[in-house]
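In: structure, please.
(one chain, ligands or ions: 2)
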Amino acid sequence: MNWSVARQKVRLIVMGVSGSGKSTVGAALAGRLGVPFIEGDSLHSAANVEKMSLGIPLSDADRWPWLDDIAGIVRESESGVIISCSALKKAYRDRLREKGSSVLGFLFLAGEPGLLLQRLQSRSGHYMKATMLESQLAALEPPFGEPRVLIRTITEPLETTVSAAADWILAS
Ligand SMILES: Nc1ncnc2c1ncn2[C@@H]1O[C@H](COP(=O)(O)OP(=O)(O)OP(=O)(O)O)[C@@H](O)[C@H]1O
Ligand SMILES: O=C(O)[C@H](O)[C@@H](O)[C@H](O)[C@H](O)CO
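Out: Ligands and ions are numbered 1, 2, ... in the order given. Reported below is the predicted structural model:
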């Protein structure tokens with residue numbers, strides 16, 4: 001299979017709690033592979049963004065329509081796609097697989113609370129404040145044992161994560 005055909009098959013969600021590096025890693029990986037990158041945060045409704053800006057965690061009911069929009073993009077993508085999406089719970093990932101693609105991959109960026117907090121506190125101009133980390137970690141169900149999952153730690157340099165993920169995608 002040539003590379004442009006292989007590229008069209010890339011269907012990947014970069015997942016993890018707020019501040020784990022989904023946007024940073026997702027954009028860099030998409031650039032490396034030459035596939036479109038979509039920032040999942042940009043697909044939240046105004047009501048969801050307002051809620052998060054006020055420091056109120058989203059509920060399942062808030063997240064379902066957002067997850068369905070993301071699944072729709074995955075399903076309709078013809079040129080391959082990488083999307084950042086917290087996808088914190090197994091039920092959310094099942095929904096993305098069911099409605100998006102059965103071969104959807106997940107790159108999980110795993111991190112310790114201390115480093116996540118540091119990253120959130122040193123980031124400026126984002127509506128998602130560091131005070132939301134506790135609720136994000138409480139909701140998180142790591143994707144252990146699920147199909148097509150790559151887990152990397154946020155302690156490693158961006159370049160290491162991107163190279164490992166690119167190699168994993170190209171080998172799968
Ligand atoms: N591997 C890394 N090493 C060092 N810093 C990183 C790394 N990855 C991301 N960062 C930094 O951590 C911060 C959080 O990253 P980013 O905004 O990409 O996270 P996110 O998961 O998309 O967050 P959110 O879900 O809240 O939008 C940013 O300031 C980013 O520059
Ligand atoms: O599921 C959620 O609680 C949300 O998707 C959050 O994770 C935010 O979108 C993101 O972290 C803000 O930047």
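In: surely Trp66 touches His44?
Out: Yes: checked against Cβ atoms under 8 Å, the pair Trp66 and His44 is within contact range at 5.7 Å. Where you see a C-beta, it was placed from the backbone N, CA and C, and this is true even at glycine.
In: contact residues of the chain facing ligand 1?
Out: Proximity of the chain to ligand 1, by Cβ under 6 Å from any ligand atom, involves residues 16, 18-24, 41, 84, 119, 123, 126, 128, 154, 157-158, 161.
In: 8 Å - rerun?
Out: Residues of the chain lying near ligand 1 by Cβ under 8 Å from any ligand atom: 14, 16-26, 39-41, 84, 86, 109, 119-120, 122-123, 126, 128, 154-158, 160-161.
In: show me which of these are buried.
Out: Buried by 16 or more other Cβ atoms under 10 Å: 14, 16-26, 40-41, 84, 86, 109, 119-120, 128, 154, 161, out of those.
In: show me which of these neighbour ligand 2.
Out: Checking these against ligand 2 (Cβ under 8 Å from any ligand atom), the matches are 17-19, 22-23, 40-41, 86, 128.
In: dump those residues to TSV, plus secondary structure, distance to Ser59 and pLDDT.
Out: Putting those into TSV (DSSP: H, G, I helix; E, B strand; the rest coil; distance: Cβ to Cβ, whole Å; pLDDT from 0 to 100) gives the following:
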residue	secondary structure	distance to Ser59	pLDDT
Val17	coil	16	98
Ser18	coil	16	96
Gly19	coil	20	95
Lys22	helix	21	98
Ser23	helix	23	98
Gly40	helix	17	98
Asp41	helix	17	95
Ser86	coil	13	98
Met128	coil	16	80
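In: tell me where the model's unsure across this protein.
Out: For the chain, the stretches with pLDDT under 70 are 1-5.
In: show me where it has strands.
Out: Under the criterion DSSP state E, the chain contains strands at 11-15, 37-39, 81-84, 105-110, 149-153.
In: what's the last one packed up against?
Out: Counting contacts by 3 or more Cβ pairs under 8 Å, 6 or more residues apart in numbering; DSSP states H and E, the secondary-structure elements packed against strand 149-153 are strand 105-110, helix 158-171.
In: buried deepest among the ones you listed, which one?
Out: Mean neighbour count (mean count of other Cβ atoms under 10 Å) peaks for strand 105-110 among the helices and strands packed on strand 149-153, with a mean of 22.
In: would you put the C-alpha positions of it in PDB?
Out: Only the C-alpha atoms of strand 105-110 are listed here, as PDB (Å, rounded to 0.1, in the frame of the first residue of the first chain):
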ATOM      1  CA  GLY A 105      -7.400   4.300  17.500                       C
ATOM      2  CA  PHE A 106      -6.800   6.100  20.800                       C
ATOM      3  CA  LEU A 107      -3.500   7.700  21.900                       C
ATOM      4  CA  PHE A 108      -3.800   8.200  25.600                       C
ATOM      5  CA  LEU A 109      -1.600  10.800  27.200                       C
ATOM      6  CA  ALA A 110      -1.100   9.600  30.800                       C
END
